[in-house]
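Enquirer: Got a sequence here, can you build the structure:
(one chain, ligands or ions: 1)
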Amino acid sequence: MEIQQIELVHFRNYQELNRSFQPGLNIFVGPNGQGKTNLLEAIALLSGSGSHRDARDPDMVQWQEEFYRIKATGLSSAHPVTLELAYGGERKKLARINGRKLRRMAELSDAINTVVFSPEDLSLVKGSPAQRRRFLDRELAQASPAYGDVLSRYSRLLTQRNAILRGIREGKAKPAELELWDEQITPLAVEVLARRLDGVARIAPHARQIYRGLSRDKEELELTYRSSFSLPADRGKWPQAYREKLIERRAEEIARHATLTGPHRDDLQLYLQGREARLYASQGQQRSIALSLKLAEIAFIQQSRGEYPLVLLDDVMSELDPTRREQLLADLDRRHIQVFITTTHLQAFPAELLAKAGIYQVQAGQVSQRDS
Ligand SMILES: Nc1ncnc2c1ncn2[C@@H]1O[C@H](COP(=O)(O)OP(=O)(O)OP(=O)(O)O)[C@@H](O)[C@H]1O
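Expert: Purely as a prediction, here's the structure:
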């Protein structure tokens, strides 16, 4: 989808905003703390996978107000689309596509997908396994809303199972109660695992090819998914292997009142020239890997959805060196992807791109269009 217009009411520091955008590059420029990222966050929320900075809904409602509302109109394959997302008041949370009320927020990704690239992504290689799992999960949920569902059901069961483990340790629950939870969590754990493995298999060739380009054919990037238990070659045997592992580690789990096996303990491993990038890659190589993963995510969503996602670059321009910055912008421009960028100054942008970009000055929750 391409966003043509957005309306915000009581969202963060926007009392009311109504702004049109253009198809290609849109740049939000302004000093710190004026609302550039807030605007990007509102766009990211429309794709149904939550705030890219993990904010909760109450924190996004403008202070002293009761609700926020985000509405966007645009085009998807030349058809007009209207998206609405509201939180607060009596209905709590509500989303609509073309006036049709959605049962789940994740269904928003049927209409619009976003890929967000922010400075935290640059630490994807060195960061925690949780950060890499989150990268993978966000991407898979965009490609398939059903994945988001499975993942949240798995997370809920995990919390409940951990509470039982704590109960057993405190003498309030019996070990036999775990059987029921293990039975319920197993198919979900196996499904998350299978979808992640398939996802990695599909993005790996894109990431490899993009990285090869960035390193001028000198280096090879490899992605592998590390599961917290060994996986039999036959997928039909995964549930049994998982259950056996749960039983094997039961005493340890009760002692630590935590589930120690499952997709919440897995990792996406990155190798450069056969060596683990987390341990050996230089700063510059790590940035190129992060960039390759993000560009691979864009390609993966395009392949899964038949349409490019919107790309949101939050404060990332000044973090990239001129070569990587220009490669990224030229790549997005060539594919006619709609891009929203936040920046404090415009020096980082090539003049020919500025000449065709929409440039918006953001100041204290007001957004005005300006010339380059
Ligand atoms: N719920 C809220 N209600 C009102 N204002 C809020 C709310 N949440 C955040 N803000 C305000 O929004 C501003 C931050 O906006 P934002 O994060 O978009 O900054 P930015 O323009 O991207 O700045 P930077 O360049 O530093 O990243 C702050 O002034 C903050 O006080």
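Enquirer: What residues does the chain have near the ligand?
Expert: For the chain, the residues in contact with the ligand under the definition C-beta under 6 Å from any ligand atom are 12-13, 30, 32-38, 59-63, 315, 342, 344, 362. Where you see a C-beta, it was placed from the backbone N, CA and C, and this is true even at glycine.
Enquirer: let's see it at 8 Å
Expert: 11-13, 28, 30-41, 59-63, 65, 314-315, 342, 344, 362, 365 (C-beta under 8 Å from any ligand atom).
Enquirer: center of the chain - which residue?
Expert: Among the residues of the chain, the one closest to the centroid is R138, at 3.5 Å (C-alpha atoms, centre = their mean).
Enquirer: what helices or strands is the strand or helix carrying that residue leaning on?
Expert: Under the assignment given by DSSP states H and E, the secondary-structure element containing R138 is helix 129-143. Packed against helix 129-143 by the contact rule (3 or more C-beta pairs under 8 Å, 6 or more residues apart in numbering; DSSP states H and E) you find strand 114-117, helix 145-169, helix 178-214, strand 267-272, helix 283-305.
Enquirer: I'd like those written out as CSV, with mean pLDDT and mean neighbour count added.
Expert: Output for the helices and strands packed on helix 129-143, formatted as CSV (pLDDT from 0 to 100; neighbours: other C-beta atoms under 10 Å):
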stretch, mean pLDDT, mean neighbour count
strand 114-117, 94, 26
helix 145-169, 94, 17
helix 178-214, 96, 18
strand 267-272, 98, 19
helix 283-305, 93, 21
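Enquirer: you'd agree V9 is in a strand?
Expert: Yes - using DSSP: H, G, I helix; E, B strand; the rest coil, the secondary structure at V9 is a strand.
Enquirer: which stretches of the stretch 1-150 of the chain have low pLDDT?
Expert: By pLDDT under 70, the stretch 1-150 of the chain contains no weakly predicted segment.
Enquirer: can you map out the strands along it?
Expert: For the stretch 1-150 of the chain, the strands defined by DSSP state E, counting those that start in this stretch occupy 2-11, 14-20, 25-29, 67-76, 79-88, 93-97, 100-101, 114-117.
Enquirer: Point out the most buried one among those.
Expert: Mean neighbours per residue, mean count of other C-beta atoms under 10 Å, is largest over the strands of the stretch 1-150 of the chain for strand 114-117, with a mean of 26.
Enquirer: Tell me the strands beside that one, with direction?
Expert: Strands adjacent to strand 114-117 in the sheet, as given by DSSP bridges, are strand 310-314 (parallel).
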